[in-house]
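J.: Give the three-dimensional model of this entry:
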Amino acid sequence: MLQVYDRVLASGNGATLLMLSLIVGGLFVLMGLLEWVRSLLVIRVGERLDEALHGRVYDASFERNLAGGQAQASQALNDLTQLRQFVTGNALFAFFDAPWFPVYLLVIFLFHPWLGVAALLGAGVLLALAVLNERWSRQPLAQASALQIAANQLASAHLRNAEAIEAMGMLTRLRARWARLHGAFIDRQNLASERAAAVSAATRTVRIALQSAMLGMGALLAIEGQITAGMMIAGSILIGRMLAPIEQVIGVWRQWTAVQLAHGRLDALLAAHPRRAPRLPLPRPQGRVAVEAASLVPPGGAAPTLINVSFTLAPGEVLGVMGASGSGKSSLARLLVGVWPPRVGKVRLDGADLQGWDRSAAGNTLGDAIGYLPQDVALFGGTVAENIARFGQPDADRVIDAARLAGVHELVLRLPQGYDTVLAEGGTGLSGGQKQRIALARALYGQPALVVLDEPNAHLDQAGEAALAETLRALKQAGATVVLITHRPGILTATDRLLVLQAGQVHKLGPTAEVLAARQPAPASRGAGAPSAPSPASPVRPAGAALMPGLSYRLGARQPSPGAANPSSDPGATTRPLDSIR
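T.: Here you go, the predicted structure:
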């Protein structure tokens, strides 16, 4: 621009104009190539950033979920995506262009000091507006981000329980709860957007006014002969280029603030869950379990659910665990498989502390040696074979062996594509019993040394429970250590010992028959053994209903029908209350 005004127009030389045009055209091509290369570089940087962090962020999110942070399980992955998109997007270029600010300012000062002072004052005004924008928008943007996360988490929780919500007509009330959070998020976001829009409009106005002022001041200096007409035009263009990065930064400040918040959350997550140090791999365990005075406080809880629990198990032994609701049965299951570490005490597998095994190593010997069926069964998106094989490379023989051991082989064959049937996330379309039996096959895959089953018969019918008893006997013969948690006593005949939990403590522990016999109430008699008559003030309850009305079970005989002989007269029948063995 300067050369065209000062040389070409003054001389009227077309050759000079042609040469200048060719040079400028070449420079524009070079600028386009540099812009393209810069874009490719930031894309590669974003890709490398994701490659370096996605595994760590996934593992840390998983560990936080185990530690009781389920509500934020996926937020870290969203934060990483936001960080990568910012790095690879156009918003970052505003910061890349900022270093050219002093270069443009120096050139304007070379044109004339007064032009440089005007440009510097204008830049100061824009920088002040940028600081104002940061202070105005940071707090509402942070509040909006927190509210958005909370609203999304609430909506996800509602969607996971859509059936219960629809069945009981809770949709309107729950939607109102979500709408309050969503409305608060929109309010804070709108406040930040309104403030940013005001600052952005002021910035654009100041920039245009400064360009016009620079043109007017340049014209005055040109009239006085202190600068040329080309310098006047070039100065006006350069101040626009100089102030453009500041205006762009103000325009993308909202994205920058969101990325800063995401980076802060990721930094806190990775600091709270550092990378696990590699440990010497231990050989595959044989199944010797020792629980040494273990007390457990669930992650995020305050009260212990297990207190001073101690027992040992030998390979091939089957331990039954019973107790009332809230007695700590599921906590014991999580303790035995190492999901929840004990607050006090140790859990040892083949003499090694369970928390000392390296679960993150390739070829995880501990994970392969443990079979776990949680109370809340979860199947994952994939084929039936992949689910049973724990999403490793499915070994057909081992998959079928596990399915047969779990008594689910015939059931799988009846599915549309058998073992290749693709399941939806959560096993949607399968009944509760089908999901539980497939999950049982997954727990038995690879002949684990320690098998922990939490309410494995909760969704099973009579045939399924009989198949489960056969499975337990087969595991015992194979030398596996089995812990069976149940509230249905019929399956206890397959156990060697019985542990009764009460308020998180071991109430009874011993051979199953002895523990059950010790809890048998002594028959009451009057005179020559005649049964006592019930008090008129007390309703007649069946034997065994003293602690929990309506819940009783019999071992070895059916419940007598009305008018049948008293079961106490049958030596082959034993009736006891379910809760009396707690």
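J.: Low-confidence regions, the chain specifically.
T.: Scanning the chain with the threshold set as pLDDT under 70 gives 1-12, 69-73, 359-364, 519-582.
J.: How is it partitioned into domains?
T.: If you go by automatic domain parsing, the domain ranges for the chain are 2-272, 289-516, 551-582.
J.: end-to-end on the second one?
T.: Here the two ends of domain 289-516 are set 24 Å apart, with distance taken as C-alpha to C-alpha, to the nearest Å.
J.: And the domains of the chain: which comes nearest residue 278?
T.: Taking C-beta to C-beta, domain 289-516 is the member of the domains of the chain nearest to residue 278, at 6.4 Å. Every C-beta, even on glycine, is put in place using the N, C-alpha and C of the backbone.
J.: And the strands in the protein?
T.: 289-296, 306-313, 318-323, 344-349, 352-353, 370-373, 382-383, 422-423, 450-454, 481-485, 497-502, 505-511, 552-555, 574-577 (DSSP state E).
J.: and of the ones you listed, who's closest to residue 434?
T.: strand 422-423 (10.2 Å).
J.: Can you name every helix or strand that that closest one contacts?
T.: In terms of contacts (3 or more C-beta pairs under 8 Å, 6 or more residues apart in numbering; DSSP states H and E), strand 422-423 is packed against strand 382-383.
J.: still on that earlier bit, could I get the strands of the chain as JSON lines with distance to residue 45?
T.: Below are the strands of the chain laid out as JSON lines (distance: least, C-beta to C-beta, whole Å):
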{"stretch": "strand 289-296", "distance to residue 45": "45"}
{"stretch": "strand 306-313", "distance to residue 45": "49"}
{"stretch": "strand 318-323", "distance to residue 45": "53"}
{"stretch": "strand 344-349", "distance to residue 45": "44"}
{"stretch": "strand 352-353", "distance to residue 45": "42"}
{"stretch": "strand 370-373", "distance to residue 45": "41"}
{"stretch": "strand 382-383", "distance to residue 45": "33"}
{"stretch": "strand 422-423", "distance to residue 45": "37"}
{"stretch": "strand 450-454", "distance to residue 45": "45"}
{"stretch": "strand 481-485", "distance to residue 45": "50"}
{"stretch": "strand 497-502", "distance to residue 45": "55"}
{"stretch": "strand 505-511", "distance to residue 45": "56"}
{"stretch": "strand 552-555", "distance to residue 45": "66"}
{"stretch": "strand 574-577", "distance to residue 45": "68"}
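J.: With respect to residue 129, which of these lies nearest?
T.: strand 382-383 (53.8 Å).
J.: Partner strands of the closest one, with direction?
T.: strand 422-423 (antiparallel) (DSSP bridges).
J.: what about the strands of the chain, which gets the closest to residue 260?
T.: Nearest of the strands of the chain (C-beta to C-beta): strand 382-383, 37.6 Å.
J.: Can you list the neighbours in contact with the closest one?
T.: 391, 394, 419, 420, 421, 422, 423 (C-beta atoms under 8 Å, 6 or more residues apart in numbering).
J.: How about stretch 99-107?
T.: By C-beta under 8 Å, 6+ apart, stretch 99-107 touches 116, 119, 120, 123, 238, 239, 241, 242, 245, 246.
J.: One more: stretch 278-288?
T.: Contact with stretch 278-288 is made by 312-316, 348-352, 356-358, 360-361, 363, 365-366, 368-369, 449-450, 479-481, as judged by C-beta under 8 Å, 6+ apart.
J.: Equivalent analysis for stretch 461-481, please.
T.: 286-289, 313-318, 371, 405-407, 433, 437, 440, 444, 447-451, 456-457, 460, 482, 484, 488, 490-491, 493-496.
J.: Report the distance from that stretch to the chain centre.
T.: 34 Å (C-alpha atoms, centre = their mean, to the nearest Å).
J.: and the gap between residue 307 and residue 212?
T.: Counting by C-beta to C-beta, to the nearest Å, the gap between residue 307 and residue 212 amounts to 79 Å.
J.: And the two? Which one has more around it.
T.: Between residue 307 and residue 212, residue 307 has the larger neighbour count (other C-beta atoms under 10 Å), namely 20 against 11.
J.: my guess is that one contacts residue 295, does it?
T.: Yes: counting by C-beta atoms under 8 Å, residue 307 does reach residue 295; the two are 5.2 Å apart.
J.: could you flag which of the contacts of stretch 99-107 are buried?
T.: 116, 119, 123, 238, 239, 242, 245, 246 (16 or more other C-beta atoms under 10 Å).
J.: Which of those fall in helices?
T.: 116, 119, 123, 238, 239, 242, 245, 246 (DSSP state H).
J.: distance of the residue lying closest to the first one once chain neighbours are set aside from residue 388?
T.: It stands for residue 116. Among residues not flanking residue 116 along the chain, residue 109 sits closest, at 3.2 Å (C-beta to C-beta, 6 or more residues apart in numbering). Distance from residue 109 to residue 388, counting by C-beta to C-beta: 75 Å.
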